[in-house]
Structure formats: structure tokens, C-alpha cells
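A.B. asks: Provided below are the primary sequence and the corresponding predicted coordinates.
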Amino acid sequence: MPFANDLIDSNRERLDEQGVARLQSRFLFEPAAVMALLRSRIVGQDAVLAQVESMLKVVKVDIGERERPLAVNLFMGPTGVGKTEIVRLLAQAIHGRADAMCRIDMHTLAQEHYAAALTGAPPGYVGSKEGTTLFDGEAIAGSFGRPGIVLFDELEKASPEVLRSLLGILEHGRLTLTAGSRTLDFRNSLIFMTSNVGAQQAQRYRERFSRGWRRWLGLAPKGEAALLEQVLHQRFEPEWLNRIDRILVFQRVDERWLDALLEIELDKLGQRLARQGRSLHLEPSARAWLCREHDVRFGARALARRIRTELEPAIADCLLAEPSTTRLLCTCGHDRLQVTPHSW
Ligand SMILES: Nc1ncnc2c1ncn2[C@@H]1O[C@H](COP(=O)(O)OP(=O)(O)OP(=O)(O)O)[C@@H](O)[C@H]1O
């Protein structure tokens, strides 16, 4: 699989070759090219990706309201299902760097007085003159041709006062720091928030439906959306929820997606090895071993962790013993992975 930027360029070129007319827009990104990258790297979240695609199309045609952010999205779902990864991939596709965003970890803002970390210290307090804030003005503003990207991670961990201090951003696309010294402009930003609220309740609810007579009768868990909505309203104030354009619910990454997930994770490792002029081949037994006993509670992280803690050390053993190896073969024997030089 090519590197992300190559993939975006080649998708753009393909659209040109096919004579697909390109809309003249101030935004340089092509929604189709961005989505091709996302779809090649994210599994099991088709409904979410379809919503992200509509968002990108609306931004590209540039018909949204001028006095608010370009889009405000809340990503909901359990751990390790791709909420943050989608935002990183968007940053990669739009700015060429996965970390080209302003990311605020809301769990660091759990107490009400922490609002000052975002809005700046009030007049007379230390730091008020400098307009110090956790926000990264440049990443928020983006540029004329590229939207800025803002990520509020683990939204539910922030205190209600902190959330209230941010309402102006969602409403008018601006935040004036408390001392009045600076105004941050979010009108060219794509805003994403992630939250785990309701994930456990939704999972318990789904499990009840996957057992016994409900399953045999083929009854779908129709009440799940209502359940999530209820949990959301318990946790967040209506003023906050009302200003969100899209609330997107992520699915668990279960066994059905393991093969595709393994391909993606191995591809990332393969690219790191390729930078050293090396390649890796895995026998089916090694693949099966990496995917065994997948723990759905940890989402895709469980597989990535197993590659880090089991496969990478086996590769390291091989390379330390035989540094000139360029082709590596991974097999499985005696319930462990073994990597040896490959002689094909
Ligand atoms: N749906 C997915 N498809 C492909 N890879 C995924 C998917 N979900 C997660 N991953 C992989 O797992 C890693 C962790 O995922 P991510 O950071 O998106 O978790 P998250 O949903 O934001 O959960 P958390 O709330 O724990 O941060 C990613 O870096 C990515 O490699």
C-alpha cells in the first residue's frame, strides 16, 4: 500500500485522467481523494464515513454559514474504534501531516477553574496580558485553501463550566480571550469532539439482543439510538448539544474486521521496514496467531498492541542476530512468533 500522501496525489490524478470535472473552490482538498484514504485505513465504520463524506462535500462547495465553524461533529463510541484516527487521517489528507491539528485533551480540564486554560486568565491575573491559552491559533485558523482542524478529545471529562466557556466557538465561530487581548477565529475550522459516554450501556444493551429469543426472532436493537440520546442529555447541557451538526455513533471493531485490520497494521509496519530497505512476509499460522482471542473491548488497539509486543520484538531478535537481513519471514511455532531471514 502506498504512503498516505502518494495515495491522495494518485487519487487526484486519477480523477483528472477520468476527466471528472473539478469544482472551483477555495478549498484545495478533493473529497473523493480524502475519502479514498479514509476508506483504505478505517474498517467497520461505513455509516460514519458516509457522514464524514457529506460533511467534506458541503465544506468543499463552500455554501455553509459564514459566522460559525465549517462543521461541528461529535464522535461517540467505545475505545479503539477509530474516532481519533479519522481526525488524524483528515489532517494527513488536508495538511499532509497527521498531527496538523489543535488537539485539546478535555480530561486535563476536569475542574471548573480550568476554563482559564482555554479562555485565558482574567484581567489582573498572571498571564492575562499575554493571552495565554492551550489553543493553537494557527492550527485552528488553517489557511485560505485548507480548513483548520480542532479536536476536543474525551469531551465528557471536561467540567460543565469549561464546556460553557466554549459555547461561543460553536455558536459564532469565535472565542475572545478573557482579558480581551485576542480573539481566536474558528470560522475556517472543522471541529471534532470525541466521547465514550454511553458506550458501556450501549454494549450491554446490544449483548442482551445478541442472546436468546431476541436473536432468534431477528429483533434488531432499535432502542440503542434512544438510549444513547438519553445518556447524552444526562451528561451534556441542551445548549451544547443543540450546536452540534452531526452526532456520529461508532460501531465496535469485532472479529469480522480482524483480517482487514491486520492488513492495515501490517502495512504500517511494512512501510517502516521499507524505509530500511527490508520486507516482511507472514505465514498464515502467524497471522492466525496474531488475531487469536481478539478482545473486542479494546477495539483495534488490542491487535496493534500485539504487533508491538509480539511481532516487533521477534523482528528485532532476527535483525540483531543477522543485521544484513533484508527479507524477513514470520512463522508461528510452540505458541510463539519466530522471525527468520527469508530465502526466496
Ligand atoms: N475502525 C478502525 N479501522 C482501522 N484501524 C483502527 C480502527 N479503529 C482504531 N484503529 C486503530 O487503533 C488505534 C486507536 O484508535 P483511535 O485512536 O481512533 O481510538 P479511539 O476510537 O479514539 O478511542 P479512545 O477513546 O480510546 O482514544 C488507531 O491508531 C488505529 O491504528
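C.D. replies: In hand now; what should we look at? The shown structure was predicted, so the numbers you read here are calculated from the model rather than taken from an experiment.
A.B. asks: measure Glu322 to Val339 for me?
C.D. replies: According to CB to CB, to the nearest Å, Glu322 and Val339 sit 10 Å apart. Where C-beta positions appear, they are placed from N, C-alpha and C, glycine not excepted.
A.B. asks: Please list the residues of this protein that sit near the ligand.
C.D. replies: The chain comes close to the ligand at residues 42-45, 79-85, 194, 196, 253, 261, 264, 299-301, 304, as judged by CB under 6 Å from any ligand atom.
A.B. asks: 5 Å - rerun?
C.D. replies: Contact residues (CB under 5 Å from any ligand atom) of the chain with the ligand: Ile42, Val43, Thr79, Gly80, Val81, Gly82, Lys83, Thr84, Glu85, Ala300.
A.B. asks: thought the last one was touching Gly80?
C.D. replies: Yes - using CB atoms under 8 Å, Ala300 makes contact with Gly80 at a distance of 5.0 Å.
A.B. asks: Now the common contact residues for those two.
C.D. replies: Residues touching both Ala300 and Gly80 (CB atoms under 8 Å, 6 or more residues apart in numbering) are Val253.
A.B. asks: Reformat the residues of the chain next to the ligand as CSV; add secondary structure.
C.D. replies: Shown next, in CSV, are the residues of the chain next to the ligand (DSSP: H, G, I helix; E, B strand; the rest coil):
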residue, secondary structure
Ile42, coil
Val43, coil
Thr79, coil
Gly80, coil
Val81, coil
Gly82, coil
Lys83, helix
Thr84, helix
Glu85, helix
Ala300, coil
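A.B. asks: Buried ones only from those, please, as a ChimeraX command.
C.D. replies: A single ChimeraX command selects the buried members of the residues of the chain next to the ligand (16 or more other CB atoms under 10 Å):
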select :42,43,80,81,82,83,84,85,300
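A.B. asks: In the stretch 1-150 of the chain, where is pLDDT below threshold?
C.D. replies: For the stretch 1-150 of the chain, the stretches with pLDDT under 70 are 1-23, 111-117, 119-133.
A.B. asks: What segments of it are strands?
C.D. replies: Ranges of strands in the stretch 1-150 of the chain, per DSSP state E, counting those that start in this stretch, are 71-76, 102-105, 148-153.
A.B. asks: quick one: the helices in the stretch 201-344 of the chain?
C.D. replies: For the stretch 201-344 of the chain, applying DSSP state H, counting those that start in this stretch gives helices covering 212-216, 224-235, 238-242, 258-274, 284-291, 301-306, 312-321.
A.B. asks: helices and strands around the last one, which ones?
C.D. replies: Okay, so that is helix 312-321. strand 327-333, strand 336-341 (3 or more CB pairs under 8 Å, 6 or more residues apart in numbering; DSSP states H and E).
A.B. asks: could you give the mean pLDDT of it?
C.D. replies: Average pLDDT, helix 312-321: 97.
A.B. asks: which of the residues in it are buried?
C.D. replies: By neighbour count on 16+ other CB under 10 Å, the buried set for helix 312-321 is Ala314, Ile315, Cys318, Leu319.
A.B. asks: Identify, from the residues you listed, the entry nearest to Gly148.
C.D. replies: Nearest to Gly148 among those: Ile315, at 38.3 Å, using CB to CB.
A.B. asks: For Met76, give its distance to Ala32.
C.D. replies: Separation of Met76 from Ala32 (CB to CB) stands at 26 Å.
A.B. asks: Sorry, slip of the keys, the one I care about is Leu319.
C.D. replies: Remark: distance between Leu319 and Ala32 (CB to CB) = 40 Å.
A.B. asks: My guess is Trp289 contacts His334. True?
C.D. replies: No - the pair Trp289 / His334 is not scored as a contact, 10.9 Å apart, by CB under 8 Å.
A.B. asks: picking that back up, so Met76 and Ala32 - more neighbours on which side?
C.D. replies: For Met76 and Ala32, the more surrounded residue by other CB atoms under 10 Å is Met76, and the numbers stand at 24 against 17.
A.B. asks: residue contacts, that one?
C.D. replies: Contact analysis of Met76 by CB under 8 Å, 6+ apart lists 83, 194-199, 228, 232, 247-250.
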